[in-house]
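> Give the three-dimensional model of this entry:
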Amino acid sequence: MLPIHRDDIDWLRALAVLAVVAFHFEAPAIFGGFVGVDIFFVISGYLITGIITAEIAKGEFSFVRFYERRVRRLLPALYVMVAVAAIPASRDLLSSERVEFFRSAAAVVSFTSNIFFWLQSGYFDHAAVDKPLLHTWSLAVEEQFYLVLPIVVWLVLRGARGRWLPLILALLAAGSFALGLMLMRSGASASAFFLSPPRAWEFLLGSLVAVSGLPEPRPGLAQRSARVLSLVLMVVPILSLRPGPGFPGVNALAPCLGAALFLWSGVGVANVRRSPLSPLGVAAFFGRISYSLYLWHWPVFAFARFAKPGLALDGWERLGLFMLTVAVATLSWRFVEQPFRTRRLVATPRAAFGLAAAASVVLLAGSGTGLLRAGALSDVDREAQRLDAYNDYDRAQPYRVGTCFATPDGRVAAECLRTVTGKTNVLLWGDSFAAQYYHGLRAQLDPESVNIMQASQPTCMPTFSAETQGVPACRALADQMRDYLATTRPDLILLSADWLENARPPRFPGMVRDLKSMLDRLRAAGIPVVLLGPAVQFRARLPSMLARAILRGVTPDPVAFVRSDIFALDAAMQAALPTSAGFAYVSVLASVCEGGRCPLTTANFPLSFDHAHLTAQGSETVMRKMVPRILPGPMQPGSVQQANDRAHQARGESAGDD
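Residues are numbered from 1 along each chain as shown. Model (predicted):
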């Protein structure tokens, strides 16, 4: 039987909610804070199962009373949040997003928002940040679990007097976990993430702690060791996991097991009176407001972003938002959650269910009205939608996806590396930041004079030591290029990559060493090299930023849109890689961004379709300015013989230096 209240469960709630908030607010180093939701699931399974079994054992269980408590616990604060969020949603969202918002609000009321967002897009997709109610998917999963678990427990306890309950729950948990793994291995990771059946094992893990009959942990070293181990199992994923299709599955095991171990390690441990200002007192406070904090943090963050010209918040703004969210959550807990839970408002079960039904009808009616109003498109809406459509840009043709970029095994097709006699053979080598330049190069160079080759893979820095990247596709491309360049001599190699990502602290010195080592090998082989510096990168997805600016009637400001750190990186790379015989460093920013102000559009098209990758039109614009710096004079179109002379001269200089 569960105690009336356990302070340590509030601490666990605090860890879970602060991890989620830190992840969504883009706090440094909290890469896997999304596992806080999984920790919440384990807590819910533990508490609900413990309460149900205790009440059944005492002959006091009632389905009506159980669901009344759930209504009082979940719906008031949730419905208030949805109603308040509808106000800025009607003003700050694109017309298509307003339609989606009101449809998602209806899904919240019907406890199906997890299914709604499953059908829309993935939790980690680019559009997720534009969905103010996305976080309600976890509440739908929880509500669906509450519909099933009491019936299962009641039936088992009624028929077998509890002897089989732990085994049945364990079998259900194993089946749920296996289902999740099968879905992920079949490429349906979104189903494993959003749907209740493959998520049920997380709740059931908490249920097993509540009913397993495990002995209480021994006070002292054993109890403290279990608690420390539980924290390690949770904190390591919070700090180290990365968003993506590899979650939940096996990656969710550690935080869930850690939460279960934490719950068990506190069984039988008495609460200790503590100062509210002590660390654990503060943690208990965050645990108490955790539900409202979870509800409010995401819409506050989403709408705050929409108010910024660059759709990005700096560190101080995020800290201020966090403090605002805590204040709002505290008010929600004090004036919405508590009055309903303590029955100061709506004292009887009939009144609670009646009010919940009336509020649901009002929200559904409001959602319907919002849908009707959102369907009317203004000229501003149409222009914003035209730009926003670039968020789904198809880069397959301009980037040569599947042949010279993003191939299944990492190796590019033979035609991507085929040289042509009588032409200047230029090899474009790198990751997606190299592939983005191919279309522009072809548009600017005469195909009768210059043959452009391409070897590119996502995330793969152009290097011979790609094993350090730990990506099989990168190793395959590096091996292919090592063999290729051992027998083939392009007239020029252009290197480009996401240098900002590759140079993240503390990796900059290692990146420079790797580049210098490779440049030495190419120089020794007599192959001229041009390294293209950091590309123009934006604070968020450029089409979305442009669309928001149009909606607000704001003139887009390149200074607010472009990341400032790329300029510092450009200077650092230029200093670390000085130009020498056979090698030139060409600054993309110096070529494209006049006076430090980078272009945002070109001929009414966005320069990039996301935060950095160029559209076809953007590639042409950038290469129009870059080609004179990359291929000055002799290698310009129509000057093949001069180009070959220059290449031979570069080889001779390199051989002489050696």
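> contacts and neighbour counts: CA atoms only from here.
Will do.
> Break down the protein into its strands, ranges please.
424-430, 450-456, 492-496, 529-532, 583-586, 601-602, 605-606 (DSSP state E).
> Same list, those strands, but as JSON lines with mean neighbour count please.
Converted to JSON lines, the strands of the chain look like this (neighbours: other CA atoms under 10 Å):
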{"stretch": "strand 424-430", "mean neighbour count": "25"}
{"stretch": "strand 450-456", "mean neighbour count": "26"}
{"stretch": "strand 492-496", "mean neighbour count": "23"}
{"stretch": "strand 529-532", "mean neighbour count": "22"}
{"stretch": "strand 583-586", "mean neighbour count": "20"}
{"stretch": "strand 601-602", "mean neighbour count": "16"}
{"stretch": "strand 605-606", "mean neighbour count": "20"}
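> ok, what's across the strand from Thr424?
In this entry, Thr424 is beta-bridged to Val450, by DSSP bridges.
> Check the gap between it and Ala486 for me.
19 Å (CA to CA, to the nearest Å).
> And for Gly315?
The value you get for Gly315 to Ala486, if CA to CA is used, is 48 Å.
> Please say which of those two ends up with more neighbours.
The neighbour comparison of Gly315 against Ala486 (other CA atoms under 10 Å) goes to Gly315, with 13 against 10.
> Now that we're looking at that one, what pLDDT does it have?
On pLDDT, Gly315 comes in at 79.
> Next: Pro447.
At Pro447, the model reports a pLDDT of 88.
> rewinding a little: okay, the strands of the chain in JSON lines with distance to Ser275 next?
Formatted as JSON lines, these follow (distance: least, CA to CA, whole Å):
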{"stretch": "strand 424-430", "distance to Ser275": "57"}
{"stretch": "strand 450-456", "distance to Ser275": "59"}
{"stretch": "strand 492-496", "distance to Ser275": "56"}
{"stretch": "strand 529-532", "distance to Ser275": "58"}
{"stretch": "strand 583-586", "distance to Ser275": "60"}
{"stretch": "strand 601-602", "distance to Ser275": "57"}
{"stretch": "strand 605-606", "distance to Ser275": "55"}
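> residues near Arg103, how many?
Arg103: 18 neighbours (other CA under 10 Å).
> Where does the prediction get shaky in the chain?
1-4, 121-129, 160-162, 309-311, 375-378, 466-470, 632-658 (pLDDT under 70).
> For it, give the helix that spans the most residues.
helix 63-92 (DSSP state H).
> name the helices or strands packed onto that helix?
helix 95-109, helix 290-306, helix 338-341, helix 349-374, helix 542-552 (3 or more CA pairs under 8 Å, 6 or more residues apart in numbering; DSSP states H and E).
> Tell me which of these sits nearest to Val536.
Of all the helices and strands packed on helix 63-92, it is helix 542-552 that lies closest to Val536, at 11.0 Å by CA to CA.
> How is this structure divided into domains?
7-376, 395-537+563-590+614-653 (automatic domain parsing).
> next one: the last one to chain centre, how far?
Think domain 395-537+563-590+614-653. For domain 395-537+563-590+614-653, the separation from the chain centroid amounts to 29 Å (computed by CA atoms, centre = their mean, to the nearest Å).
> Ok, the first one next?
Here domain 7-376 shows a centroid-to-chain-centroid distance of 18 Å under the convention CA atoms, centre = their mean.
> quick revisit: got the buried residues for the longest helix of the chain?
By 16 or more other CA atoms under 10 Å, the buried positions in helix 63-92 come out as 66-68, 71-82, 85-86, 89-90, 92.
> Would you agree Ile9 is in contact with Trp264?
No. Checked against CA atoms under 8 Å, the pair Ile9 and Trp264 is beyond contact range at 10.5 Å.
> So for the two, which sits in the more crowded spot?
Between Ile9 and Trp264, Trp264 has the larger neighbour count (other CA under 10 Å), namely 22 against 19.
> Quick one: residues contacting the nearest residue to Ala14 once chain neighbours are set aside.
Among residues not flanking Ala14 along the chain, Gly287 sits closest, at 4.2 Å (CA to CA, 6 or more residues apart in numbering). Residues in contact with Gly287 (CA atoms under 8 Å, 6 or more residues apart in numbering) are Ile9, Asp10, Trp11, Leu12, Arg13, Ala14, Leu15, Val17.
> The second one is in contact with Val282, isn't it?
No. Contact status for Asp10 versus Val282: not in contact, 10.1 Å apart, counting by CA under 8 Å.
> who has more neighbours, those two?
Asp10 (22 against 16).
> Just the C-alphas of stretch 151-170, formatted as CSV.
Extracted in CSV, the C-alpha atoms of stretch 151-170 (Å, rounded to 0.1, in the frame of the first residue of the first chain):
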residue,chain,number,x,y,z
ILE,A,151,-10.0,-2.9,-15.7
VAL,A,152,-7.1,-5.3,-16.1
VAL,A,153,-6.1,-5.1,-12.4
TRP,A,154,-9.7,-5.4,-11.2
LEU,A,155,-10.4,-8.5,-13.4
VAL,A,156,-7.1,-10.2,-12.3
LEU,A,157,-7.6,-9.5,-8.6
ARG,A,158,-11.2,-10.5,-8.7
GLY,A,159,-10.4,-13.8,-10.5
ALA,A,160,-7.1,-14.9,-9.0
ARG,A,161,-6.9,-12.9,-5.7
GLY,A,162,-3.7,-11.2,-6.8
ARG,A,163,-1.4,-14.2,-7.2
TRP,A,164,-1.1,-13.8,-10.9
LEU,A,165,-1.1,-10.0,-11.1
PRO,A,166,2.7,-9.5,-11.2
LEU,A,167,3.2,-12.2,-13.8
ILE,A,168,0.4,-10.9,-16.0
LEU,A,169,1.7,-7.3,-15.8
ALA,A,170,5.2,-8.6,-16.6
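> All good on my end, thank you.
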